[in-house]
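**Q** sequence first, then the predicted structure:
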Amino acid sequence: MPKVVKFGKRCFAVCLDTLQSESFFQQSWGRQLEDWKRIREFQLTAKTAWVGAKGTPTLTAVKRWIKENKPSQFFADWQADSGDYKDDSVQIWFN
């Protein structure tokens, strides 16, 4: 089940077959390490795109991009929007 969520000060869009858990970011750092290694391996061979988010909430823009492009697997993480900070684009890796 794909996850596109805000967790703390970060947002994640995750749907990878190789992960132990798509909620890895909610676990302690030591338990996250294996999944971060798998994410880095995925990024080496995956396609990449930039999701434009200017003028719209970043989380909403990423969800829309996923719905429109229908990738089978994807990963993105970025700093969550706040009153002081907002990304205009987010890099997403996908297959």
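**A** Here it is on my side, so go on.
**Q** can you give me the pLDDT of the residue nearest the centre of the chain?
**A** For the chain, A76 is the residue whose C-alpha lies nearest the centre (Cα atoms, centre = their mean; 2.4 Å). Listed pLDDT for A76 reads 96.
**Q** where does pLDDT dip in the protein?
**A** Residue ranges of the chain with pLDDT under 70: 1-2.
**Q** who is the residue nearest to the centre of the chain paired with across the strands?
**A** Taking DSSP bridges, one obtains A13 as the residues bridged to A76.
**Q** so it touches W50, yeah?
**A** No: using Cβ atoms under 8 Å, A76 is not in contact with W50, being 10.0 Å away. C-beta coordinates here come from the backbone N, C-alpha and C atoms, glycine included.
**Q** shared neighbours of those two, anything?
**A** Taking Cβ atoms under 8 Å, 6 or more residues apart in numbering as the criterion, A76 and W50 both touch V90, Q91, I92.
**Q** what about the longest helix in the protein?
**A** In the chain, assigned by DSSP state H, the helix with the most residues is helix 29-45.
**Q** where along the protein do the helices fall?
**A** Taking DSSP H as the test, the helices found in the chain are 29-45, 58-69.
**Q** now tell me what touches the first one from outside.
**A** Residues from elsewhere that reach helix 29-45, judged by Cβ under 8 Å, 6+ apart: L16, T18, L19, Q20, S21, F24, F25, Q73, F75, W93.
**Q** looking at these, which are in strands?
**A** F75, W93 (DSSP state E).
**Q** redo the contacts of helix 29-45 as JSON lines? Include distance to L33 and neighbour count.
**A** Output for the contacts of helix 29-45, formatted as JSON lines (distance: Cβ to Cβ, whole Å; neighbours: other Cβ atoms under 10 Å):
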{"residue": "L16", "distance to L33": "15", "neighbour count": "20"}
{"residue": "T18", "distance to L33": "14", "neighbour count": "12"}
{"residue": "L19", "distance to L33": "12", "neighbour count": "18"}
{"residue": "Q20", "distance to L33": "11", "neighbour count": "12"}
{"residue": "S21", "distance to L33": "13", "neighbour count": "13"}
{"residue": "F24", "distance to L33": "9", "neighbour count": "20"}
{"residue": "F25", "distance to L33": "12", "neighbour count": "18"}
{"residue": "Q73", "distance to L33": "20", "neighbour count": "16"}
{"residue": "F75", "distance to L33": "16", "neighbour count": "23"}
{"residue": "W93", "distance to L33": "19", "neighbour count": "20"}
